[in-house]
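# Sequence plus predicted model, see below.
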Amino acid sequence: MTLYDQAVLYIENEILHNTSWTEADVPKRNRALKNAENELYNEFPRYNRDTKPLPETAIFEQAVWLLRKDDSILRAEQGVTNINLSGEFSMGLGGKVSKISPNAIRFIRSRKVGRYV
């Protein structure tokens, strides 16, 4: 079974708020999976694609996290702190925006490392 097929099964059966995934077309889903994988390997360098792969569930959670991002989150990642529209509407974007899904982090950190003798 391919990573994509595993992602479909996991996301559609295990993630409650998965609309961003189910409404995306296949190419966009594949881009989200690839981008999620790249971001996680960059963020967690102790993992390696060949010798110590990331937990697949972390990749799936990160892919959905990426698809859920709206324009305000993307702007905050670029450093925008406030949006004001004609004095009628103002939105503050203060605080640090996490680029990594909290669920992905949980799966990565809960992975058992080492061996029992």
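That came in fine, so what should we check first? These numbers were taken from a predicted model, which means no experiment stands behind them.

# How about stretch 2-21, which residues are buried there?
By neighbour count on 16 or more other C-beta atoms under 10 Å, the buried set for stretch 2-21 is 7-8, 10-11, 15, 18, 20-21. (C-beta placed from N, C-alpha, C; glycine too.)

# Over to stretch 53-66?
54-55, 57-66.

# chain center to it, what's the gap?
Remark: stretch 53-66 is offset 6 Å from the chain centroid, using C-alpha atoms, centre = their mean, to the nearest Å.

# begin at 38 from here
I'll keep to 38 as the first residue from here, and by that count the last item is stretch 90-103.

# CA atoms only: put that stretch into PDB for me.
Presented in PDB, the C-alpha positions along stretch 90-103 are these (Å, rounded to 0.1, in the frame of the first residue of the first chain):
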ATOM      1  CA  PRO A  90      11.800   7.200   9.100                       C
ATOM      2  CA  LEU A  91       9.300   9.400  10.700                       C
ATOM      3  CA  PRO A  92       6.000   7.800  12.000                       C
ATOM      4  CA  GLU A  93       3.600   7.800   9.100                       C
ATOM      5  CA  THR A  94       0.800   9.100  11.300                       C
ATOM      6  CA  ALA A  95       2.900  12.200  12.000                       C
ATOM      7  CA  ILE A  96       3.200  12.800   8.300                       C
ATOM      8  CA  PHE A  97      -0.600  12.400   7.800                       C
ATOM      9  CA  GLU A  98      -1.400  14.700  10.700                       C
ATOM     10  CA  GLN A  99       1.000  17.300   9.300                       C
ATOM     11  CA  ALA A 100      -0.500  17.100   5.800                       C
ATOM     12  CA  VAL A 101      -4.000  17.900   7.200                       C
ATOM     13  CA  TRP A 102      -2.500  20.700   9.300                       C
ATOM     14  CA  LEU A 103      -1.000  22.300   6.200                       C
END
